[in-house]
Every structure is written in structure tokens, then in C-alpha cells.
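*Asks:* A structural model of the following input is requested.
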Amino acid sequence: MKIVALFLLLVEYVFGGHPMHHASHQTPKWYSHGKSDEYIKKVRSATGQDYLDRFTEQYNKIHNTSNGYFSQDGVPYHSVETLMVEAPDYGHETTSEAFSYYIWLEAANIYVSGSVDGFNTAWDLNEKYLIPTTTWQPTDTSYNPESPAEYAPEEDSPADYPVPISTNVQVGVDPLADELATAYGNGNSIQQFYATHWLLDVDNIYGFGEKESGNANDRNVFINTFQRGPNESVWRTIPQPEWETFKYGDSQCGFLDLFIDDPNGCSQQWRYTGAPDADSRSIQATYWAIQYAQSSGSDISSSTSRAQKLGDFLRYSMWDKYFKTIPCYSENCPATSWSDSWNSTFYLISWYYAWGGNIGSYDWSWRIGASHIHQGYQNIMTAYAILNQAELNSKTSSGLDQWKTVEDRNLEFWQWLQTAEGAIAGGATNSWDGDYSNPAQDGITGYFYEMPYVEAPVYHCPPSNNWFGMQVWPMERLAEYYYVSKDSFARSILKNWITWVLSLSTQIINGNDFQVPSTLNWQGQPDNWTGTYTGNPNLHVTIIDWSQDAGVASELAHTLTFWAAAEGDDNAQTLAKNILDMLYLHVDDVGVSIPEARQDYIGNEYGDGFWESAYVPQGWGPGTYPNGDTITYGDQFIDIRSWYTNDPMWPYVQECKANNTAPVFTYHRMWAQAAFAIANADYGRLFPN
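*Replies:* Numbers count the residues shown, from 1 in each chain. This next block holds a predicted model:
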């Protein structure tokens, strides 16, 4: 049986969250809001109800059809603007992250307006468009948990691909499959792996169509990009359909042989990748929706049941990619058997999980977790919600026990990674260098439950933890958790982080405007984890530059708001209020609008932007895209996306390239605009006076 698990290096970050983009998102100057002193005074005198009103104002802008946040099918775009390259390589694609913020926006609206209609609609659309139906995963019932997938190593560079499948490396057993089959299937198997696929070609710009129909009128098509190692920036990706019948790409293997070298040849197949960070955010948001809906007696049971199911399948993100034992310092380390099958779970959320199977004459399917764990992906609020909210309790036999350990392990993980200053460093892995190498050979001395420290888990181009957004995302979840749980362990971690941020207050608020840290630099390693925090005297962070990122600033204010509400911290509350007020000075008819320089579009230290090599292997193909673009050795990013040359902003990018000046864009990203609205709603809710 041929079970091919493609190396799916998912980047669920969307802007703001992007390792591929954030290092070039350095605002070169302050972009003045241009407001009068009288107007500024009015904004800064806002009280609790004013922030709820600002939520409603922003909510209505997002839902104003003339503003362009949603497709004709109601799918939230990654951004209103089309010329946009971050993790999605086009603004009118969407991600599970955008959908999770959409769900969160609608949850907040239940509190403000009392209506649950938008929340239920968001979940309806999330399930309809991002969760593949049984017809899109037709052979999932053939999955064998004793043989989850065949092994292929992860290499450093796109130039190292395709990689060979190795049948000599043992793969462990999957202990979760039977639990899910009992809870959601027929006792032996499930017909539908229930998770969101991370990337959707909403307007079918590539033209693949549904199931490679090639129908230009199709919409909402599953695609993927990243698959070739930690140095495959978005500019080096070769997008492909997630339903492959070899109609496009090359004639023999479609796109498969760009990534995997299989001695048995290629088989037509379907495959999807879940973004656990996004799925956990949707569950987090649903927890709050339940609290708000209870007071009005409104029915959101159809939505909560989906969140409950999503949480059970989210557990796949907590297992080693190939169900190897933890720790594993060699490809020949033990693979788990049924007697020790739980030795392959970290009790932490890893970077992705993926599943797939064949389209053809005989049935096979596969599932994998991921071996790399980023601090920014952890969501302790989701663990709390699943453990404490009856509607979200796991239906699987060991689910609640696992999530309880997750809750504890998550706090340990963040504390292990906390620098002397208070910031949270990168993460850990069970597969050093992507092939289970021995980390000691590279001088690693810091370990967490015997897993080695990684400064930039998964992505190095740019480094995945150098963006300040990877601080505010997880710490906002921790702040919510502390607010509802009053957990003293959580408080100690969060207090150190908040103290660091408050020490930056005079740099964050400058007169009547704001800035937030953008790029961070890390030095040293955490101490080996023994269960006691040492203060990590050899692990440090410095701030390299600052930006006026609306999404990051909103999430920073959101974090400060929950901490201030839990602690009665006037300084934190004041900084949260000031950030929200300063952001409000930058609103326009579409949302929060702050120009940003995109040096990466024309070339920076990480590549040549639109003119970067796509790393098509020499001798491969040639292949084709539906529009006739040829895929061949020497192609650049723009060569396999010629449709970009028809974008109204393309001549401007060309002009900037010719003049060697960074193009400046004003973007309205769904996640950032929703984050601003949600932060205002929670500030108004928690500080009504």
C-alpha cells in the first residue's frame, strides 16, 4: 500500500503573523492621522459605551458589502485588497485564520447586539467552505492506524526537493483514530476527518476549479503552497491543487514530484492541512459566544457542536509527525506500538496536522501530526474551554485527560521559554533538522521534556519568532485564561511579560500616536527545564524596530485589557485605552488604515520579492497552470502568477522596482480589522465606566 504524506510545512500565519513578511513590515516613518486637537481630545475622553459603539461602527464597516471584506458567497477574504503577498500569495484567497477571526468577531457581536445570527452564519460558512466533506476525502475510511503514513525527511531548502520516501524508517501507531471512530464514526473508521484546510482560492484565481475541473466559474477551491523546508518563503512556493488528477502540473505526477520522490511512481490523490492555531481560536471564540448567548437564551447549539467536534480532531496536532517516541534523536529511534502509543504526544499544539488519500483503483489514506512546536501557537484558553464548558467537552474517551495535561504543560512551556526580560522565546521540536537528528551536535543545551529548544520553529526566512505578533497572540490567550481561572502559575508568567511591555509605554505611546515593537532578536538558550523557572539568565530579547501594525496593536491592547481587568492594574488599563484611542484616530470608511512599506515586494535580505526564483528543479516538467503559465526551471514568482500583471496596482510595483524604492500600501486585512473591533468590545465590556 502506498501512503504518501507530503511534507506540509503549513504557514497559517496571515499578516501580521507572517514569518515570510514581518521583517519587511517596518514602517519607515510615522504615518500621521491628521486629526485636529479638538477631535483628538474627544477621542481620548471616551468611556465604556464609546468602545462598544466603536465596535459596532467597525463591525458595520466590515459587513458593508461595498467595502469588499467578503466574497459573493460570504467567505471572508484575507484582505480587501488583491495585490497582497504574505502567507497567502493573493489578497482574495482566504485562510482558516481569517475565518477564525470572523467567528470571533461574530461572538463579540452577540454581547454588543444580542443577535446570534451572524455567529451561526460564520460557523455555517466555516464548515461549508473550509472543512472538506466526505466527497472531498472519499477514501478516509481506509485509514489504518497501524500504518499512519510513509516517512520522508524534511530538508532545509526548496533546492533540496523532491525528497525520497524511505520505507526503512519505522513509523508508530496512531492511538487517536479509534477514539474518533467511536465518537464520530461507525466504531471502526470515520468518513470525514473534521478539520479546516488552511488555504482557499476564493475567486479561483489559479483556475484549478473544483476537483481540477478547470472550470473558471468555480469558486472556493482548496489549494496549498508551502511544502519545501524552513527556507521556503512565500516567494519560493509553487501553488498546487489539493485534489490532484494530474490535469495540471506535469503530465506524469501533476505537482507531486516537485516535493516527493516516490520509487513506486505517483498516484492521484487528495490531501489537506489543518492550522491548529486557527482551529483553536475558533473554539476560544465559541467559549465566549456561549457566555454571551446564555444571558439571552439564544440558540447556538449547531455552532457549539461543530466547535466541540473540531476540538476533538484538533488533538492530532499534539502528536509527533510520524508517531515517534519523545524524545527522538535519530531516524532509527523507536516508533510507538500499542503498548506505548501515548509516548508520541507532546501535550502541546504543533504547527500543523494533515491527512489525505488516493483517487483511483485501490483505497489508501494517511494522517500525520507535526514535530515542531511554536510558543505562538499555544492556546491555553481553548484547553480551558474544552475542560470547563459542557457544550465543548471532548466526546472522545481520553480527550479530557489529554486537554487537562495540555493546560498544565502549556504553562510550563511558556515559562521555560520566558526570557530574563519577560518575552517568550521560540519553541521546541521532536525532529531536529526535520530528520530526527541529534540536537547535541549543534550545541543545544536547553531541553523541555527532553525536546530541544528551537529559536525559530519551522521557518527561518524570516525567522518565525522574530515578529512581535507572536508575542501578543499567545499572551492574549493567557490573559483571558488568567481572567477566568485566576491561576497563580499563569499570573506569574503573564506578570513578567506585562512588566516588560509596560516598561515600553513611553515608546508605544508618543504624543497622540502609537507604535508597537515589530522585529525581535533573540540571544542564548533557555535553561534545561526541571520544573522550576530559573529566570533564564542566558536567554535575552532585544527590539530591532517598530511599526504601526493595526492588528498587533489591537491584540496588545486586548492582552492588557484582560490583565487589567483581572488585576486592577491602572497602568495596564491606561496603556490599553491609549492604544485603542490612537488606533481610532487612523480609521476611515473601510476600517483602520495605516500605510506600510513593503520592501519585500521588490527585494530585501530574504529574496527578490516578485522576482524571486520559484526553485523549479532543473529537468522537471515543464508543467502548466490552467491559464497557460508554464512551470519550468528558472521561473520566478511572477512567472507562474502572470495574472498579477493585470492587477491595477502592478504598474506601481514595477515603478518602485525600477526606482528601487519600497512600495507603500494601505491594507485592510480581515484578521487585523476584526482584532481591532474585538479589542474595543472587550474593553467596553470589562471597563463600562
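*Asks:* please make it C-alpha for all contacts and neighbour counts, starting now.
*Replies:* OK.
*Asks:* can you pull the contacts of Glu154?
*Replies:* 7, 163, 228-229, 433-435 (CA atoms under 8 Å, 6 or more residues apart in numbering).
*Asks:* of these, closest to Phe687?
*Replies:* Gly229 (45.7 Å; CA to CA).
*Asks:* roughly how far does the nearest residue to that closest one once chain neighbours are set aside sit from Phe226?
*Replies:* Distances taken as CA to CA, 6 or more residues apart in numbering place Asp156 nearest to Gly229, at 4.9 Å, with adjacent residues excluded. Separation of Asp156 from Phe226 (CA to CA, to the nearest Å) stands at 13 Å.
*Asks:* more neighbours, those two?
*Replies:* Under the neighbour definition other CA atoms under 10 Å, Asp156 and Phe226 were set side by side, and Phe226 has more, 23 against 17.
*Asks:* hmm, that one is touching Thr237, no?
*Replies:* Yes. Between Phe226 and Thr237 there is a contact at 5.9 Å, judged by CA atoms under 8 Å.
*Asks:* figure out the helix or strand that Tyr483 lives in.
*Replies:* helix 469-485 (DSSP states H and E).
*Asks:* start and end of stretch 141-158, how far apart?
*Replies:* Span of stretch 141-158 from end to end, CA to CA: 33 Å.
*Asks:* chain center to it: distance?
*Replies:* 22 Å (CA atoms, centre = their mean, to the nearest Å).
*Asks:* going forward, the N-terminal residue is numbered 5.
*Replies:* Okay, residue one is now 5; in that scheme the one you just asked about reads as stretch 145-162.
*Asks:* what's the local residue count around Tyr276?
*Replies:* Quick note: Tyr276 (other CA under 10 Å) scores 28 neighbours.
*Asks:* what residues are up against it?
*Replies:* Per CA under 8 Å, 6+ apart, neighbours of Tyr276: 201, 246, 358-360.
*Asks:* my guess is it is in a strand, correct?
*Replies:* Yes. Under DSSP: H, G, I helix; E, B strand; the rest coil, Tyr276 sits within a strand.
*Asks:* now do it against Ile227, distance only.
*Replies:* 9 Å.
*Asks:* anything in contact with each of those two?
*Replies:* Common neighbours of Tyr276 and Ile227 are listed as Glu246 (criterion: CA under 8 Å, 6+ apart).
*Asks:* select the longest helix from this protein.
*Replies:* Identified as the longest helix of the chain according to DSSP state H is helix 280-300.
*Asks:* report the angle between the helix or strand just after it and helix 280-300.
*Replies:* For helix 280-300, the following helix or strand on the C-terminal side (DSSP H and E) is helix 305-317. Counting by axes from the mean of the first three to the mean of the last three CA atoms, to 10 degrees, helix 305-317 lies at 150 degrees to helix 280-300.
*Asks:* mind listing what's buried along helix 305-317?
*Replies:* The neighbour-count check on helix 305-317 (16 or more other CA atoms under 10 Å) flags 307-308, 310-317 as buried.
*Asks:* output those in a markdown table; the columns should cover pLDDT and distance to Ile372.
*Replies:* Shown next, in a markdown table, are these (pLDDT from 0 to 100; distance: CA to CA, whole Å):
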| residue | pLDDT | distance to Ile372 |
| --- | --- | --- |
| Ser307 | 98 | 27 |
| Thr308 | 98 | 26 |
| Arg310 | 98 | 22 |
| Ala311 | 98 | 21 |
| Gln312 | 98 | 21 |
| Lys313 | 98 | 18 |
| Leu314 | 98 | 16 |
| Gly315 | 98 | 17 |
| Asp316 | 98 | 15 |
| Phe317 | 98 | 12 |
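*Asks:* for the residues you listed, which one is nearest Tyr155?
*Replies:* Nearest to Tyr155 among those: Phe317, at 22.0 Å, using CA to CA.
*Asks:* would you map the helices across the stretch 305-454 of the chain?
*Replies:* For the stretch 305-454 of the chain, applying DSSP state H, counting those that start in this stretch gives helices covering 305-317, 384-392, 403-420.
*Asks:* can you lay out these as a markdown table showing distance to Pro626?
*Replies:* Below are the helices of the stretch 305-454 of the chain laid out as a markdown table (distance: least, CA to CA, whole Å):
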| stretch | distance to Pro626 |
| --- | --- |
| helix 305-317 | 38 |
| helix 384-392 | 46 |
| helix 403-420 | 46 |
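*Asks:* the ones you listed: which one's closest to Ser375?
*Replies:* Nearest to Ser375 among these is helix 403-420 (15.2 Å), distances taken as CA to CA.
*Asks:* returning to what we had before: pLDDT of the helix holding Tyr487, averaged?
*Replies:* Helix 473-489 comes out with an average pLDDT of 98.
*Asks:* ok, and what's touching the next helix or strand after it?
*Replies:* Using DSSP H and E, the helix or strand that follows helix 473-489 in sequence is helix 492-506. With contact meaning CA under 8 Å, 6+ apart, helix 492-506 is reached by 415, 418-419, 422, 425-428, 479, 482-483, 485-486, 564, 575-576, 579.
*Asks:* of the contacts of Glu158 - the most surrounded one?
*Replies:* Using other CA under 10 Å as the neighbour test, the contacts of Glu158 are led by Arg232, with 29 neighbours.
*Asks:* that one belongs to a strand?
*Replies:* No. Read with three-state DSSP, Arg232 is coil and lies in no strand.
*Asks:* doesn't Pro162 make contact with it?
*Replies:* Yes. Counting by CA under 8 Å, Pro162 is a contact partner of Arg232 at 4.9 Å.
*Asks:* how close does Ser468 sit to Met586?
*Replies:* 28 Å.
*Asks:* more neighbours: which of these two?
*Replies:* Ser468 (26 against 22).
*Asks:* using TSV, lay out the contacts of Tyr276 together with distance to Thr340 and neighbour count.
*Replies:* As requested, the contacts of Tyr276 are exported to TSV (distance: CA to CA, whole Å; neighbours: other CA atoms under 10 Å):
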residue	distance to Thr340	neighbour count
His201	27	26
Glu246	30	26
Ala358	19	26
Trp359	19	26
Gly360	22	29
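*Asks:* which of the residues you listed sits closest to Val596?
*Replies:* Of these, the one sitting nearest to Val596 (CA to CA) turns out to be His201, at 28.3 Å.
*Asks:* quick check: that closest one is in a strand.
*Replies:* No. Applying three-state DSSP, one finds His201 to be coil, outside a strand.
*Asks:* coming back round to it: who touches both of Asp160 and Phe230?
*Replies:* Common neighbours of Asp160 and Phe230 (CA under 8 Å, 6+ apart) do not exist.
*Asks:* for the stretch 155-304 of the chain, what spans make up the helices?
*Replies:* 180-188, 280-300.
*Asks:* can I get those helices in JSON lines with mean neighbour count, distance to Asn631 and mean pLDDT?
*Replies:* Listed next are these as JSON lines, based on neighbours: other CA atoms under 10 Å; distance: least, CA to CA, whole Å; pLDDT from 0 to 100:
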{"stretch": "helix 180-188", "mean neighbour count": "19", "distance to Asn631": "40", "mean pLDDT": "96"}
{"stretch": "helix 280-300", "mean neighbour count": "22", "distance to Asn631": "31", "mean pLDDT": "96"}
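*Asks:* make CSV from those helices and add distance to Ala557 to it.
*Replies:* Formatted as CSV, the helices of the stretch 155-304 of the chain follow (distance: least, CA to CA, whole Å):
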stretch, distance to Ala557
helix 180-188, 38
helix 280-300, 18
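*Asks:* can you tell which of the ones you listed is closest to Ile372?
*Replies:* From the helices of the stretch 155-304 of the chain, taking CA to CA, the stretch that ends up closest is helix 180-188, at 11.3 Å.
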